[in-house]
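Chemist: Have a look; sequence and predicted model below, questions after that.
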Amino acid sequence: MAGYENRMTMVTGWRPRRLLKRSVPAAALIALLPFEAVGASDCLSLKPNEEHQFHLAIPDGAETKPVWMVEGVPGGAPEIGTITDEGLYTAPANMDEALEVQIMAALEGEAAPLKTVSVCNDIYIRPGRTLHVSAAGADSNPGSAESPWRSIQYAIDRAEPGDTILVHGGVYNEIVLITRSGSSEDGFITLMEAPGEHAVIDGEGLVRGPYGMRGLITLADVSYVRIKDFEIRNYKSDSEFIPIGILVEGSGERIELRNNTIHGIEANNLPSRGNADALGIAVYGRNPTPIRNVIIDGNELFGLKTGTSESLTVGGNVEGWQITNNAVHDNNFIGIDATGYYVDGAEHDRARQGWIAGNTVYNLSSEKNQALTFAAAAVGIYVDGGRNITVERNTVDANDGGIWLLSEHPGKSTSDVIVRNNLVRFNRDAGILVGGYDDRQSGGAERCIITNNTLFENNLRDVSGIHAGEFQIGHHTTDIRFRNNILYAGPKAYVVTKFSPLASGSVELGYNLYFSAFGGENVRWFWVDRNFYNRDESDGDFLAFRSASGEVGGLVEDPAFVSPAGQDLRLQRNSPAIDSGGDAAVVDIGLWDKSMNARVSGTAIDRGAFEMTD
């Protein structure tokens, strides 16, 4: 978007950080929910990978099963521990420091949990050898600090569980294939840049065939492997060969990709010569046995030409994964993608039990993507057929689209996704979209909760007509709840758009706050076949929209952001969004707002991504 760099605070100073550095403060928990916090002395101590079965007495008359959460995330995540629908918790196996987390169980729709327990997870240390690789080394050396090896591949082929391979500064023009695993008993195999040095894996000249798919680093059917701190670059294809920065495939568990910088991965093939695909990071579960417990954290992916693929994808039979604290920017198609139904279309062929949190995704555009022969949007965060995924506390700015939920496969749906506490700004198409793009050629979305997001001046594409909206509802939507959000529209002023026929009860709108850059009187909605304007017209005003859509609790008022011009979208103390939200069910809203403050601090939840704090 022209002038975008002058309209918002850029994130060029972004640095990876750990998502969770502290336990849940007891005071914050008490303010959030009416339960008695468990003291530190009552913390249940678990070893890495240790399992613990929690039990729960279900209240009489309960119509739903309880939802088990770790740190407010349904099902948990690899870095904080995972928990099944039956309450079986598995402690994380990756911690270099002790970690305290809160386990909760709650019924859907209930503000208070049925059970809350503190768990203290012990540090994970497994002694092993430290092996060394240097651009000035030789593979005939013993691999010590004084006499390092030359080849990363040579070192990997000799690694044992618990070993750490330190790659010293230099450029390594090689493809690395990892087929050796660590273990729970003896520890990870860690491949990492030597601290304080700059190790580069460079793919120049390494695409040597017209077909196939390979990563500059490929992890094939392995477990307990960690890749850290590399610069990975210059892997480019002019054919149908698919270059990938880091590829994880097959089956396995406990994979970590941390703090890598990936750029210059390019699909330059022309449509006249066939397909063009490339990816920065791809985790593909194609086997009957899933890939489990994958952490993709703190990476930066930029300058990618991905053709018809994505910057960062988790797809197929992948279960229990997190994409956290990554910066994805300045690429020519989709940013973060969780996909399903692309291998055999079975239920296990879906990325599931995922956590997409704390990422910054910006400046994605398909405008100059030579591979596209059809209209397609470079969406920031895209759930295409995935299920049971929590998308929270992300910043998604100046892409073609913001956060979109649908399946591209007719008859299939993205399902059971929570989108909460995100900041979505300046995207050219819809800020948040739910549902398919076509009645016959795409699927849809079901059982999705979209709550407490702040959408700001999206739908900016310079085309005539309505085009999209801050929130757009597509085809084949079932049981969608859109609540407690702030929608601040840009020049077109459309906050909610719904172009396709609507089945009764398929979308529930409640307690959202609407405004526009040109004031409240210019706010617009489009619902199925009618425009509604916030004017005193008997057949077209906000009250008429509420009647047509079933919207409840909505407001058309200035949200009183701290500084809209400066992109500080926190709330001033006079904001009508404060303490005016509805339905603060802990399963839906989580524990934290966009700034990691307690999600409820007053008499009721605030609308939007930011909670007012004292």
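Modeler: The structure has been received and is ready for your questions. Numbers count the residues shown, from 1 in each chain.
Chemist: which residues of the stretch 251-400 of the chain fall in helices?
Modeler: Taking DSSP state H, counting those that start in this stretch as the test, none of the stretch 251-400 of the chain falls into helices.
Chemist: before we move on, what about the stretch 501-614 of the chain?
Modeler: Here the stretch 501-614 of the chain has its helices, by DSSP H, counting those that start in this stretch, at 542-549, 586-589.
Chemist: looking at those, which is buried most?
Modeler: helix 586-589 (a mean of 25; mean count of other C-beta atoms under 10 Å). Every C-beta, even on glycine, is put in place using the N, C-alpha and C of the backbone.
Chemist: which residues sit against that helix?
Modeler: By C-beta atoms under 8 Å, 6 or more residues apart in numbering, the surrounding residues in contact with helix 586-589 are 32-33, 67, 69, 72, 74, 104, 106-113, 418, 420-421, 449, 451-452, 481, 483-484, 599-600, 605.
Chemist: from those, which ones fall inside strands?
Modeler: Among the contacts of helix 586-589, the members found in strands (DSSP state E) are 67, 69, 74, 104, 106, 418, 420, 449, 451, 481, 483.
Chemist: Mind listing the residues bridging to the spatially most central residue of the chain?
Modeler: In the chain, the residue lying closest to the centroid (C-alpha atoms, centre = their mean) is I356, at 2.4 Å. Counting by DSSP bridges, I356 is bridged to I323, V391.
Chemist: just checking, it touches I389?
Modeler: Yes: judged on C-beta atoms under 8 Å, I356 makes contact with I389 at a distance of 6.6 Å.
Chemist: Make a ChimeraX selection of whichever of the contacts of helix 586-589 turn out to be buried.
Modeler: Under the burial definition 16 or more other C-beta atoms under 10 Å, those of those that qualify are selected in ChimeraX by:
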select :32,33,67,69,72,74,104,106,107,108,110,111,113,418,420,421,449,451,452,481,483,484,599,600,605
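Chemist: what about G162, neighbour count?
Modeler: Look at G162: counted by other C-beta atoms under 10 Å, it has 19 neighbours.
Chemist: for it, what are its contacts?
Modeler: 126-129, 182, 186-189.
Chemist: Just flag the most distant two among these.
Modeler: P127 and I189 (13.5 Å; C-beta to C-beta).
Chemist: between these two, which one's more packed in?
Modeler: Ranked by neighbour count (other C-beta under 10 Å), P127 and I189 place I189 first, with 27 against 7.
Chemist: do you know how far the more buried one is from N459?
Modeler: Taking C-beta to C-beta, to the nearest Å as the criterion, I189 is separated from N459 by 47 Å.
Chemist: likewise P210?
Modeler: From P210 to N459 the distance is 41 Å (C-beta to C-beta).
Chemist: where along the stretch 101-250 of the chain do the helices fall?
Modeler: 152-156.
Chemist: now the strands: where do they sit in it?
Modeler: 115-121, 130-133, 164-167, 170-172, 176-178, 189-193, 199-202, 213-220, 225-228, 231-237, 242-249 (DSSP state E, counting those that start in this stretch).
Chemist: who's in contact with D163?
Modeler: D163 neighbours (C-beta under 8 Å, 6+ apart): 128-131, 189-190.
Chemist: which among the residues you listed end up buried?
Modeler: 128, 131, 189-190.
Chemist: Looking at the residues you listed, which is nearest G143?
Modeler: Within the buried ones among the contacts of D163, distances to G143 taken as C-beta to C-beta reach their minimum at L131, with 4.6 Å.
Chemist: surely that closest one meets E160?
Modeler: No: at 9.5 Å, L131 does not count as touching E160 under the criterion of C-beta under 8 Å.
Chemist: OK, contacts around the residue nearest to F545 when sequence neighbours are not counted?
Modeler: Spatial nearest neighbour of F545, excluding adjacent residues (C-beta to C-beta, 6 or more residues apart in numbering): F532 at 3.8 Å. Counting by C-beta under 8 Å, 6+ apart, F532 makes contact with 524-526, 540-542, 544-545, 548.
Chemist: got any ranges where the stretch 401-550 of the chain has weak pLDDT?
Modeler: Flagging of the stretch 401-550 of the chain using pLDDT under 70 yields the residue ranges 502-505, 536-540.
Chemist: pretty sure E446 is in a helix, no?
Modeler: No: looking at E446 with DSSP: H, G, I helix; E, B strand; the rest coil, it is strand, so not inside a helix.
Chemist: Max pairwise distance over the contacts of D163: which two?
Modeler: T130 and I189 (12.0 Å).
Chemist: Go through the strands of the stretch 101-250 of the chain and find the least confident stretch.
Modeler: Among the strands of the stretch 101-250 of the chain, strand 115-121 carries the lowest mean pLDDT, a mean of 93.
Chemist: Would you agree H348 is in contact with P288?
Modeler: Yes: look at H348 against P288 with C-beta under 8 Å: they come within range, at 7.3 Å.
Chemist: what sits in contact with each of these two?
Modeler: With C-beta under 8 Å, 6+ apart, H348 and P288 have common neighbours N317.
Chemist: who has more neighbours, those two?
Modeler: Per other C-beta under 10 Å, whichever of H348 and P288 has more neighbours is H348, with 17 against 11.
Chemist: wait, what's in contact with that one?
Modeler: Contact analysis of H348 by C-beta under 8 Å, 6+ apart lists 288, 290, 317.
Chemist: 7 Å - rerun?
Modeler: Taking C-beta atoms under 7 Å, 6 or more residues apart in numbering, we find H348 in contact with N317.
Chemist: what do you get for S580?
Modeler: S580 touches 604, 607, counting by C-beta under 7 Å, 6+ apart.
Chemist: try 10 Å this time
Modeler: 484, 511, 513, 553, 555, 557, 602-607 (C-beta atoms under 10 Å, 6 or more residues apart in numbering).
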